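Q: Build me a model from this:
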Amino acid sequence: MKEKIAPKKYALVTGGSRGIGKAVCIQLAKDSEYKILINYNSNQTAAEDTLKEVENAGGSGEIIQFNVGNLEEVKARLDAWQEANENAIIEAVINNAGITKDGLFMWMKPEDWSSVINTSLNGFFNVTNHLIQKLLVNKYGRIVNMVSVSGLKGTPGQTNYSAAKGAIIAATKALAQEVAKRNVTVNAVAPGFIKTDMTGELDEKELKRMIPANRFGEAQEVADLVSFLISKKASYITGEVININGGIYS
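A: Numbers count the residues shown, from 1 in each chain. Okay, the predicted model is just below:
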């Protein structure tokens, strides 16, 4: 009788090459037994740098390229990866990939609306829908969706981004109820102003006056929260949206 080999367990982080995604990859390498699957869309050099840092942190992983907004590409790349890694399961999914195309709604171009919705909201569907069946069959899984304070309170100049993130918040709450019996948790993390490339052009000195904590957050602080939600310690937390914003809105 053939001995059953335990599957290699992976955590997939979309948009994992930079910013919050990168910090999450490195922290999961430190805190968990997961191999880290670092998704990127176009910046291979940044993804390889993240992989090096994952390895320096004592973890292991690999990079995988696909555009989360392209359903056919998501399916093809993930299926090819699964074929090459038969004895592997993606047990944790961190939907972090997202873009902004800010501007007043009155002047917003249809492509600026569509591209933001497609990357954030459809990206969540494309990746999670393709992987969730295996989580349900295995009766265990962790899904964490990166949303935003914009999706909770709305941010002027970000009607498209607020719409995308608000929709993911609603989807998180609904999906969590569908899959809870199978030990699959689904939560969302809603950062406020965090120091990353995405907020690099903002006036931190001016904006931090609005924040009770009087500072921007660090990507590391978000990564620590995601790491907890991915862990077994968070098994009774599901359908939640956890704010991490220095008190600006909750």
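Q: residues in contact with the nearest residue to I194 once chain neighbours are set aside?
A: Residue nearest to I194 in three dimensions, not counting chain neighbours: G217, with 4.5 Å by Cβ to Cβ, 6 or more residues apart in numbering. (Each C-beta comes from the backbone N, C-alpha and C, glycine too.) Residues counted as contacts of G217 (Cβ atoms under 8 Å, 6 or more residues apart in numbering) are 191-195, 244-246.
Q: List only buried entries from these.
A: Buried subset of the contacts of G217 (neighbour count, 16 or more other Cβ atoms under 10 Å): 191-195, 244-246.
Q: Out of those residues, which sit inside strands?
A: 191, 194-195, 244 (DSSP state E).
Q: Can I get those residues in a markdown table including distance to A6?
A: What follows is those, written out as a markdown table (distance: Cβ to Cβ, whole Å):
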| residue | distance to A6 |
| --- | --- |
| P191 | 35 |
| I194 | 36 |
| K195 | 39 |
| I244 | 34 |
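Q: farthest-separated two in the residues you listed?
A: Spatial extent of those (Cβ to Cβ) is set by the pair K195 and I244 at 12.9 Å.
Q: Is it correct that N187 falls within a strand?
A: Yes. Counting by DSSP: H, G, I helix; E, B strand; the rest coil, N187 falls inside a strand.
Q: so who does it touch?
A: Contacts of N187 (Cβ under 8 Å, 6+ apart): 143-145, 172, 176, 229, 234, 237-242.
Q: 10 Å instead?
A: 142-145, 147, 172-173, 176, 225-226, 229-230, 234, 237-242 (Cβ atoms under 10 Å, 6 or more residues apart in numbering).
Q: Dump the top helix by length along the chain to PDB, keeping only the CA atoms.
A: Ordering each helix of the chain by length in residues (DSSP state H) puts helix 159-179 first. Output in PDB follows, covering the C-alpha atoms of helix 159-179 (Å, rounded to 0.1, in the frame of the first residue of the first chain):
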ATOM      1  CA  THR A 159     -16.000  56.600  -6.300                       C
ATOM      2  CA  ASN A 160     -14.700  53.800  -8.500                       C
ATOM      3  CA  TYR A 161     -12.300  52.400  -5.800                       C
ATOM      4  CA  SER A 162     -15.000  52.900  -3.000                       C
ATOM      5  CA  ALA A 163     -17.500  51.000  -5.200                       C
ATOM      6  CA  ALA A 164     -15.100  48.100  -5.800                       C
ATOM      7  CA  LYS A 165     -14.000  47.800  -2.100                       C
ATOM      8  CA  GLY A 166     -17.600  48.200  -0.800                       C
ATOM      9  CA  ALA A 167     -18.700  45.400  -3.100                       C
ATOM     10  CA  ILE A 168     -16.000  43.100  -1.800                       C
ATOM     11  CA  ILE A 169     -17.000  43.900   1.800                       C
ATOM     12  CA  ALA A 170     -20.500  42.800   1.000                       C
ATOM     13  CA  ALA A 171     -19.200  39.700  -0.800                       C
ATOM     14  CA  THR A 172     -17.000  38.800   2.200                       C
ATOM     15  CA  LYS A 173     -20.000  38.800   4.500                       C
ATOM     16  CA  ALA A 174     -22.100  36.700   2.200                       C
ATOM     17  CA  LEU A 175     -19.400  34.200   1.300                       C
ATOM     18  CA  ALA A 176     -18.400  33.700   4.900                       C
ATOM     19  CA  GLN A 177     -21.900  32.400   5.700                       C
ATOM     20  CA  GLU A 178     -21.900  30.000   2.800                       C
ATOM     21  CA  VAL A 179     -18.600  28.300   3.700                       C
END
